[in-house]
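>>> the following comprises the amino acid sequence and a computationally predicted model.
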2 protein chains.
Amino acid sequence: MEMNVTQGDYFTSYEDLEIHRLMLEDEPRTDTYRRAILGNKNYFKDKVVMDVGCGTGILSIFCAQAGAKKVYAIEASNLVKLAKEIVKENNFEDIIEVIHSKVEDATLPGDLKVDAIVSEWMGFYLLHEGMLDSVLVARDKFLKEGGEMFPESAVIYVAPCSVPQLYNKWTNFYGVSLSTFAKQLRASKSSKPEIMQISQENLLGAEIAMAWINLREDTVNDLNCYSIQHVVGASKTGQYQGLCVWFECNFPELSSGSRVVLSTGPEAKLTHWKQTVILLPEEQNVDEQEPIAFLLDMNRDKNSSRRYNLELTLLDPQEVEHPVPCTCDMTKCILIKVVMSQHTEHAMQQNGIIEDDPLDDDE
Amino acid sequence: MEMNVTQGDYFTSYEDLEIHRLMLEDEPRTDTYRRAILGNKNYFKDKVVMDVGCGTGILSIFCAQAGAKKVYAIEASNLVKLAKEIVKENNFEDIIEVIHSKVEDATLPGDLKVDAIVSEWMGFYLLHEGMLDSVLVARDKFLKEGGEMFPESAVIYVAPCSVPQLYNKWTNFYGVSLSTFAKQLRASKSSKPEIMQISQENLLGAEIAMAWINLREDTVNDLNCYSIQHVVGASKTGQYQGLCVWFECNFPELSSGSRVVLSTGPEAKLTHWKQTVILLPEEQNVDEQEPIAFLLDMNRDKNSSRRYNLELTLLDPQEVEHPVPCTCDMTKCILIKVVMSQHTEHAMQQNGIIEDDPLDDDE
């Protein structure tokens, strides 16, 4: 009965298992893929599917459960042995073939093509250490013309935000002034993106899409750089302390009728991706409708193709072009908004969508 | 107005600041020290204090606020520059002297001795990467005879527990069987202690103190090994999946009247130390009052003196000595409990603490 529990010699590292536990337990992630696959049983029936970077194999099993006749589950890491055992445990060893290979090096028998590619490839702010390159390679090598990608598109959003939980406590912290600490914390944090949770009420303006990735068409080179220059009117008075970045993935709408979307934004249930915040070294107090102008560049690192550099440049709202219409309170934008709303109202009246107000003599 | 925020060249590393933020924001930690110091103003008035490993300097500032006439704040890392600025920001530069040194190498002017040593030296399960060695060295070098230690004692507790959040979900996980994954997770997790939160209701038996450290008297060698062999009756039917380890620190009771204690147990508010769990590779189902017998050894690593090896050995309750009284349901322990309770009752009756029950004819 004596048993010593400090020894351990396991082929899968502790870290690998912990990361996969974290991902599996991420309910929005796992359940969205499950719904996207099992909600499309009519589509998956008798299809041949490839799962790129299958990890524990759970997505391959969803595909088999949805009726796929063959699933090629590609995994480059040592996790492949575990994936094989899990497939066996679920009695899908006749349907799911786990292949220990980088997808770039993989081959299928008789140059077979697949009907669909399933993959969970997303990293922080979508592209961080992402494996989307490999998914696109797999598409070009293995997907039939007109085949489906799960997910089929992805969008990166950005919006200005405040981060009170980081900064708004240090001037009187248990009776001690820690402003110097706060200043250094802020300086150090603005040197790299911060993975943290931003609540909806800490957004300071409407989000804008900075990248729209089409997984059916985009090439690896298309992923090299994204850039957005934008002006947004502050949605309320507050402290502009950073730019919040998040993403959304869209799955094909085939038989389920309603589109399945995995959102990692502040309004959605928290995922292990949380949100990514590019923090400013100095905060700016903004009034409601005050214009916030910025340029955000996301460029693939020249030395390490799986990394991106995020660069935020604060711009002078006076010197850049504003969107039309713009939510800010600069005179030009207010005038444009008034003109546009009159124009819309006029058009709607002409089309009988709204009626003239008989008490309104202005027109 | 253009400002690029991706650059950074700061003397204090990002990681250091993040760790100190985590510690500062740990309310039970920071507030307990604050109460232990500021609740003893009568004691601290005009005293000379040493803060061993001052970090940001917050404990030194508490001492100065409490009336200390001099505080030597010793810090070996580069954080010392930040500590100096924080001291200045709080206008205590005449009282607090920040010294950039290991405490082992530090000297005070004229071989001065201090009245009290303050330090926050605790690591996971108290001793992990702990700096208690340095605090004891500081005590022997710098503390006056009869001087005070903040904290003055520390206790390590252990109790059997279950960890349902880790293990009780994998047999049917979104319709997939992940038992193989669970088995590997368990195997890998039992190879090193897990830092996690255990709630009170997941304890499976009463805790026992495995180490009682007296900071006024213990030597560095006293910290080399701790060991406890124990039998405890399960407090309820459940799955025995690990041994939960936590600690408590006690501060001197000088003027405040009530003892200040920093507890990191499952019953206390969560701290950044959480609890440490030594996980079993295989769980055991236990019934209420079933004896759980174990041997836990905590030995300083021979190669790295700041690390400890925790070794849990499961024992056969039939083969080891039980405490007296014991909470388990083995016949001998039940009999001893009955005899002891009769003996206590008898003694209380003789001392007039409880009266004979006139309806009870048994005696």
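Received it, and whenever you're ready, just let me know what you need. Predicted, not measured: the structure shown is a model, and the values here were computed from it.
>>> what helices or strands is the helix or strand hosting A:Phe247 leaning on?
Assessed by DSSP states H and E, A:Phe247 sits inside strand A:238-250. Under the contact criterion of 3 or more C-beta pairs under 8 Å, 6 or more residues apart in numbering or on different chains; DSSP states H and E, strand A:238-250 touches strand A:153-161, helix A:164-167, strand A:261-263, strand A:275-286, strand A:291-300. In this view, the C-beta of every residue, glycine as well, is placed from N, C-alpha and C.
>>> does the shortest one reach chain B?
Right, strand A:261-263. No. Strand A:261-263 is not in contact with chain B by C-beta under 8 Å from any C-beta of the partner chain; minimum separation 14.6 Å.
>>> average pLDDT for that strand?
Average pLDDT, strand A:261-263: 98.
>>> check A:Leu359 and give its pLDDT.
52.
>>> any idea which element A:Ala268 lies in?
Secondary structure assignment for A:Ala268, by DSSP H and E: no helix or strand.
>>> bridged to A:Leu312, which residues?
Here A:Leu312 shows beta-bridge partners A:Leu296, assigned using DSSP bridges.
>>> how many other residues sit next to it?
Using other C-beta atoms under 10 Å in any protein chain shown, the number of residues around A:Leu312 comes to 21.
>>> mean confidence score for the lengthiest helix in chain A?
Counting by DSSP state H, the longest helix found in chain A is helix A:331-350. Mean pLDDT, helix A:331-350: 81.
>>> how far away is A:Gln197 from B:Val220?
To B:Val220, A:Gln197 is 42 Å away according to C-beta to C-beta, to the nearest Å.
>>> let me fix that, I meant to ask about A:Lys113.
Between A:Lys113 and B:Val220 the distance is 68 Å, computed by C-beta to C-beta.
>>> can you check A:Gly53 too?
Distance, A:Gly53 to B:Val220, by C-beta to C-beta: 50 Å.
>>> residues in contact with the residue nearest to the spatial centre of chain A?
With distances taken as C-alpha atoms, centre = their mean, A:Phe247 lies nearest the centre of chain A, 2.4 Å away. The contact partners of A:Phe247, by C-beta atoms under 8 Å, 6 or more residues apart in numbering or on different chains, come to A:Met122, A:Tyr125, A:Leu126, A:Ala154, A:Val155, A:Ile156, A:Tyr157, A:Thr264, A:Trp273.
>>> what segments of the stretch 1-150 of chain A are strands?
A:3-4, A:48-52, A:70-75, A:96-100, A:114-118, A:143-150 (DSSP state E, counting those that start in this stretch).
>>> redo those as JSON lines? Include mean pLDDT.
JSON lines is the format used below for the strands of the stretch 1-150 of chain A (pLDDT from 0 to 100):
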{"stretch": "strand A:3-4", "mean pLDDT": "39"}
{"stretch": "strand A:48-52", "mean pLDDT": "98"}
{"stretch": "strand A:70-75", "mean pLDDT": "97"}
{"stretch": "strand A:96-100", "mean pLDDT": "97"}
{"stretch": "strand A:114-118", "mean pLDDT": "98"}
{"stretch": "strand A:143-150", "mean pLDDT": "97"}
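>>> packed most tightly, which of those would that be?
strand A:48-52 (a mean of 27; mean count of other C-beta atoms under 10 Å in any protein chain shown).
>>> okay, now the closest residue to chain B within the stretch 251-363 of chain A: neighbour count?
Nearest residue of the stretch 251-363 of chain A to chain B (C-beta to the nearest C-beta) works out as A:Asp316 at 4.5 Å. The number of residues packed around A:Asp316, counting by other C-beta under 10 Å, is 10.
>>> which residues does A:Lys144 contact?
A:Lys144 sits in contact with A:Lys113, A:Val114, A:Asp115, where contact means C-beta under 8 Å, 6+ apart.
>>> which one of the residues you listed is nearest to A:Leu38?
Comparing the contacts of A:Lys144 against A:Leu38 with C-beta to C-beta places A:Asp115 closest, at 16.5 Å.
>>> which stretches of the stretch 1-150 of chain A have low pLDDT?
Within the stretch 1-150 of chain A, the segments meeting pLDDT under 70 span A:1-15.
>>> wait, the stretch 151-300 of chain A
In the stretch 151-300 of chain A (pLDDT under 70), the answer is A:256-257.
>>> what do you get if the cut-off is 80, keeping everything else the same?
Low-confidence segments of the stretch 151-300 of chain A, defined by pLDDT under 80, span residues A:255-258.
>>> report the closest residue of it relative to chain B.
Nearest to chain B in the stretch 151-300 of chain A, going by C-beta to the nearest C-beta, is A:Ser191, at a distance of 2.8 Å.
>>> related to what we said a few turns ago, quick one: which of A:Gly53 and B:Val220 has more around it?
Shown here are A:Gly53 and B:Val220; by other C-beta under 10 Å, A:Gly53 has more neighbours (21 against 15).
>>> next up, the contacts around the more buried one.
With contacts defined as C-beta under 8 Å, 6+ apart, A:Gly53 is in contact with A:Ile74, A:Glu75, A:Ala76, A:Val103, A:Ser119, A:Glu120, A:Trp121, A:Met131, A:Ser134.
>>> from A:Asp51, how far out is A:Gly67?
The gap separating A:Gly67 from A:Asp51 is 15 Å, by C-beta to C-beta.
>>> try A:Ile278
Distance of A:Ile278 to A:Asp51, computed by C-beta to C-beta: 33 Å.
>>> neighbours of the closest residue to the residue nearest to the centre of chain A other than its chain neighbours, just the number please.
Distances taken as C-beta to C-beta, 6 or more residues apart in numbering or on different chains place A:Leu126 nearest to A:Phe247, at 3.9 Å, with adjacent residues excluded. Using other C-beta under 10 Å, the number of residues around A:Leu126 comes to 27.
>>> residue contacts, A:Leu126?
So A:Leu126 contacts A:Ala154, A:Ile156, A:Ala211, A:Ile213, A:Phe247 (C-beta under 8 Å, 6+ apart).
>>> residues touching the closest residue to A:Arg35 other than its chain neighbours, list them.
Counting by C-beta to C-beta, 6+ apart, A:Arg35 lies nearest to A:Val260, which is 5.3 Å off, once chain neighbours are set aside. By C-beta under 8 Å, 6+ apart, the contact set of A:Val260 is A:Thr32, A:Arg35, A:Ala36, A:Gly39, A:Asn250, A:Phe251, A:Glu253.
>>> and the residues you listed, which of them are buried?
By neighbour count, with 16 or more other C-beta atoms under 10 Å in any protein chain shown, the contacts of A:Val260 hold A:Thr32, A:Arg35, A:Ala36, A:Gly39, A:Asn250, A:Phe251 as buried.
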